[in-house]
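J.: sequence and predicted structure below; questions after.
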There are 2 protein chains.
Amino acid sequence: MARPREFDERAAIGRAMDAFWVRGYEGTSTQALCEATGLGRSSIYNTFTSKHELFMRALDHYADRGIVTRTALLEADGTGIERFRALFSFTIAEEDETHGRGCLVVNTVAEFGDRDPEVKARIDADTERHLAVLTACAREGQLDGTVDRSREPADLAEFAHSTVAGLRLMSRRGARRAALQAVADIALSAIAAK
Amino acid sequence: MARPREFDERAAIGRAMDAFWVRGYEGTSTQALCEATGLGRSSIYNTFTSKHELFMRALDHYADRGIVTRTALLEADGTGIERFRALFSFTIAEEDETHGRGCLVVNTVAEFGDRDPEVKARIDADTERHLAVLTACAREGQLDGTVDRSREPADLAEFAHSTVAGLRLMSRRGARRAALQAVADIALSAIAAK
DNA sequence: CACATTTTGGACTGAACGATACAAAACTGG
DNA sequence: CCAGTTTTGTATCGTTCAGTCCAAAATGTG
């Protein structure tokens, strides 16, 4: 065999993710990445080949984590509307704890738009996965009578997805918790059965 | 006197704004700014002192334009709810025309968060101005009976503001027009009197 | 304990970065 | 038409950028 790694790859990706999350892709230098991860340049390039590639890994890591927690919330017990409420509450609580870091995916969409095909593919996949669980949740909510039946489940999903993005953006610009809560309440009433 | 300018300052700011809009602050080099504006480096630094200062001017320019058109929409004739509808429709139409450029303010919030005090001051001011006209519109809508009376006007304003940000973000990641329309419809129903 | 293999640290690369220096150019008031 | 002032183009500044190179270090295997 050969010399073993002195670091945990996943942990390094996590640290890199944090750095990109705060300062964006262009705003995070490879030097900053070295400091954030604690790795030397050699280790980073040896393991991740390029800054762009490391960013992709970080984005995947973030998206995977997000989908897992979000899916757990939306496939939990309870009525449809309760699960939507749980999603919004979780989002607000998370932003409260992190003092408004916002969302890496939202930031990435804002920074890249659809210019970078590799980034776009990740964003699209993440969006689709979210819309899928949100749509299922909306449909179940319509069946249990807690979600508005006059709307298409897919449309309600888009609305909820957009609302979460809006909340994350509000939080990132430093909006107060009460403001987020108000937005979430109104959004929830739009999803609820009348 | 002295040698006269060979360019229009406002026009240059407009071009710089477009560049920042597409690629962000960090993603736009001073070289790119020269090419976008058609100015030489000397002219840019002589007139705007720094990249950061030029960005501030571009941000102000964008915010001013936005507030003017948005205020016109929200202070026009018609019921409160009609004016909210006009706001959403206008947003969607604009994104349709520009093939999803999104919003410079949204992008800037995502890129900077609240790290840069000068940027934050601009963002806060812009947000306050938007919330003011939105709140007034909500209040008038409550008086004319077209807007939900059970909500605080300020909360409805936050909701509408967040919805527009969500729409711009959707558009920037390339969502279809129908999806934006669906989100706007649901948001509108949340604002409308029941 | 030597070998093959991989990781690691640090020096280094050329290119691009934001910003400046300076002299020629272009104007106006006298 | 000249003096004074500002703009402009070009060359250049030092720094930072993403990425490479290479020798030393660290392992398992024979």
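T.: Cool, got the structure.
J.: tell me where chain A has helices.
T.: A:9-23, A:30-37, A:41-48, A:51-74, A:80-97, A:104-112, A:117-143, A:153-172, A:177-191 (DSSP state H).
J.: closest to DNA strand C out of these?
T.: helix A:41-48 (3.1 Å; C-beta to the nearest atom of the strand). To be clear about C-beta, it is placed using only N, CA and C from the backbone, and glycine gets the same treatment.
J.: what does chain A put close to DNA strand D?
T.: A:1-4, A:28-32, A:41-42, A:45, A:50-52 (C-beta under 7 Å from any atom of the strand).
J.: report the buried members of those.
T.: A:28, A:51 (16 or more other C-beta atoms under 10 Å in any protein chain shown).
J.: just the residues of chain A next to DNA strand D now: which is nearest chain B?
T.: Closest approach between the residues of chain A next to DNA strand D and chain B, by C-beta to the nearest C-beta: residue A:28, at 9.1 Å.
J.: surely that closest one is in contact with residue A:20?
T.: Yes: between residue A:28 and residue A:20 there is a contact at 5.4 Å, judged by C-beta atoms under 8 Å.
J.: enumerate the residues of chain A near DNA strand C.
T.: A:1-7, A:39-43, A:46-47.
J.: contacting residues around residue A:21?
T.: A:62, A:101-102, A:104, A:107 (C-beta atoms under 8 Å, 6 or more residues apart in numbering or on different chains).
J.: by neighbour count, which of those wins?
T.: Comparing the contacts of residue A:21 by number of neighbours (other C-beta atoms under 10 Å in any protein chain shown), residue A:107 comes first, having 25 neighbours.
J.: need the helices of chain A in TSV with mean pLDDT, can you?
T.: As requested, those are arranged in TSV below (pLDDT from 0 to 100):
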stretch	mean pLDDT
helix A:9-23	98
helix A:30-37	98
helix A:41-48	97
helix A:51-74	98
helix A:80-97	98
helix A:104-112	98
helix A:117-143	98
helix A:153-172	98
helix A:177-191	98
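J.: now distance to residue B:68 too, for these, in TSV please.
T.: Below are the helices of chain A laid out as TSV (distance: least, C-beta to C-beta, whole Å):
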stretch	distance to residue B:68
helix A:9-23	32
helix A:30-37	39
helix A:41-48	46
helix A:51-74	37
helix A:80-97	31
helix A:104-112	23
helix A:117-143	32
helix A:153-172	23
helix A:177-191	25
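J.: for residue B:15, which of those helices is the nearest?
T.: Judged by C-beta to C-beta, the one of the helices of chain A that comes nearest to residue B:15 is helix A:104-112, at 20.5 Å.
J.: now for the closest one, which elements pack on it?
T.: Judged by 3 or more C-beta pairs under 8 Å, 6 or more residues apart in numbering or on different chains; DSSP states H and E, helix A:104-112 is in contact with helix A:9-23, helix A:51-74, helix A:117-143, helix A:153-172, helix B:104-112, helix B:153-172.
J.: in TSV, list those helices along with distance to residue B:82.
T.: Shown next, in TSV, are these (distance: least, C-beta to C-beta, whole Å):
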stretch	distance to residue B:82
helix A:9-23	40
helix A:51-74	35
helix A:117-143	28
helix A:153-172	21
helix B:104-112	25
helix B:153-172	13
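J.: that older thread, within reach of chain B, which of the residues of chain A next to DNA strand D are there?
T.: With C-beta under 8 Å from any C-beta of the partner chain as the criterion, these include none near chain B.
J.: now, which of the residues of chain A next to DNA strand D sits nearest residue A:123?
T.: residue A:52 (14.8 Å).
J.: and for the closest one, nearest residue in space, chain neighbours not counted?
T.: Nearest in space to residue A:52, with sequence neighbours left out and distances taken as C-beta to C-beta, 6 or more residues apart in numbering or on different chains, is residue A:118 at 7.7 Å.
J.: isn't that neighbour up against residue A:56?
T.: Yes: under the criterion of C-beta under 8 Å, residue A:118 makes contact with residue A:56 at 6.2 Å.
J.: quick one: which of the two has more around it?
T.: Higher neighbour count among residue A:118 and residue A:56: residue A:56, with 17 against 13, using other C-beta under 10 Å.
J.: which ones are touching the more buried one?
T.: Residue A:56 makes contact with A:118-119, A:122, according to C-beta under 8 Å, 6+ apart.
J.: same check, this time on residue A:84
T.: A:74, A:137-138, A:141, A:147, A:160, A:188, A:191.
J.: which of those has the most neighbours?
T.: residue A:138 (29 neighbours).
J.: thought that one was touching residue A:156?
T.: Yes: between residue A:138 and residue A:156 there is a contact at 4.1 Å, judged by C-beta under 8 Å.
J.: quick check: neighbours shared by the two?
T.: In contact with both residue A:138 and residue A:156: A:147, A:191, using C-beta under 8 Å, 6+ apart.
J.: related to what we said a few turns ago, which two of the residues of chain A next to DNA strand C lie the greatest distance from each other?
T.: Maximum distance among the residues of chain A next to DNA strand C (C-beta to C-beta): 24.1 Å, for A:1 and A:41.
J.: ok, residue A:100 to DNA strand C distance?
T.: Residue A:100 sits 27 Å away from DNA strand C when distances are taken as C-beta to the nearest atom of the strand, to the nearest Å.
J.: quick one, phi/psi of that residue?
T.: phi 80, psi 50 (degrees, to the nearest 10).
J.: ok, the residue nearest to it when sequence neighbours are not counted - contacts?
T.: Using C-beta to C-beta, 6+ apart and skipping the chain neighbours, the partner closest in space to residue A:100 is residue A:171 (4.2 Å). Residue A:171 makes contact with A:92, A:95, A:100-102, A:180, according to C-beta under 8 Å, 6+ apart.
J.: and what of residue A:41?
T.: A:30, A:34.
J.: with residue A:123 instead?
T.: Applying C-beta under 8 Å, 6+ apart, the residues near residue A:123 are A:105, A:108-109, A:112, B:173.
J.: again, but for residue A:124
T.: If you count contacts by C-beta under 8 Å, 6+ apart, residue A:124 has them with B:173-174.
J.: equivalent analysis for residue A:28, please.
T.: Residue A:28 is in contact with A:19-20, counting by C-beta under 8 Å, 6+ apart.
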